[in-house]
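Enquirer: no sequence on this one, just coordinates:
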């Protein structure tokens with residue numbers, strides 16, 4: 001029940017991820033919650049119920065503003081994975097403990 005209410009609130013308040021591409025050189029992700037993994041060829045981000053994976057070369061996080069992330073480099077692929085909030089939070093906590 002609470003999950004349905006928060007989902008509706010996110011949709012109403014435009015808190016879902018908004019993604020803007022500039023060809024294959026730049027991507028702006030609004031409402032990005034955190035960066036989970038980062039190197040020059042791969043980035044994994046969390047934004048609401050999505051895990052966003054970005055592949056490319058020369059990737060760099062240029063600006064991590066309030067709930068937004070600007071990534072520059074040569075983008076080759078972007079993958080969106082729906083995630084279960086509770087399950088992934090537990091998985092992340094286990095990884096931190098290891």
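Expert: Happy to help now that I have it. Since this is a predicted model, take the numbers as computed values, not measurements.
Enquirer: which stretches of this protein form helices?
Expert: 2-12, 85-97 (DSSP state H).
Enquirer: quick one: average confidence on the first one?
Expert: By that I understand helix 2-12. What helix 2-12 shows for mean pLDDT is 56.
Enquirer: ok, now the last one?
Expert: Along helix 85-97, the predicted local confidence has a mean pLDDT of 55.
Enquirer: likewise for stretch 21-33?
Expert: 93.
Enquirer: which residues are contacting it?
Expert: Identification of contacts with stretch 21-33 by Cβ atoms under 8 Å, 6 or more residues apart in numbering yields 15-20, 45-48, 52, 54, 56, 64, 67-76, 78. All C-beta atoms are positioned from the backbone trio N, CA, C, and that covers glycine.
Enquirer: so of those residues, which ones are in strands?
Expert: Among these, DSSP state E puts 18-20, 45-47, 52, 54, 56, 64, 68-76, 78 in strands.
Enquirer: can you tell me how far residue 58 sits from residue 20?
Expert: According to Cβ to Cβ, to the nearest Å, residue 58 and residue 20 sit 19 Å apart.
Enquirer: grab the nearest non-local neighbour of residue 39.
Expert: Nearest residue to residue 39 in three dimensions, chain neighbours excluded: residue 59, at 7.5 Å (Cβ to Cβ, 6 or more residues apart in numbering).
Enquirer: contacting residues for residue 41?
Expert: By Cβ under 8 Å, 6+ apart, the contact list for residue 41 reads 55, 56, 57, 59.
Enquirer: could you tell me which of those residues count as buried?
Expert: 56, 59 (16 or more other Cβ atoms under 10 Å).
Enquirer: my guess is residue 40 contacts residue 71, does it?
Expert: No. Under the criterion of Cβ atoms under 8 Å, residue 40 makes no contact with residue 71, lying 11.1 Å away.
Enquirer: can you list residues touching both of these two?
Expert: Shared contacts of residue 40 and residue 71, defined by Cβ under 8 Å, 6+ apart, are found at 59, 60.
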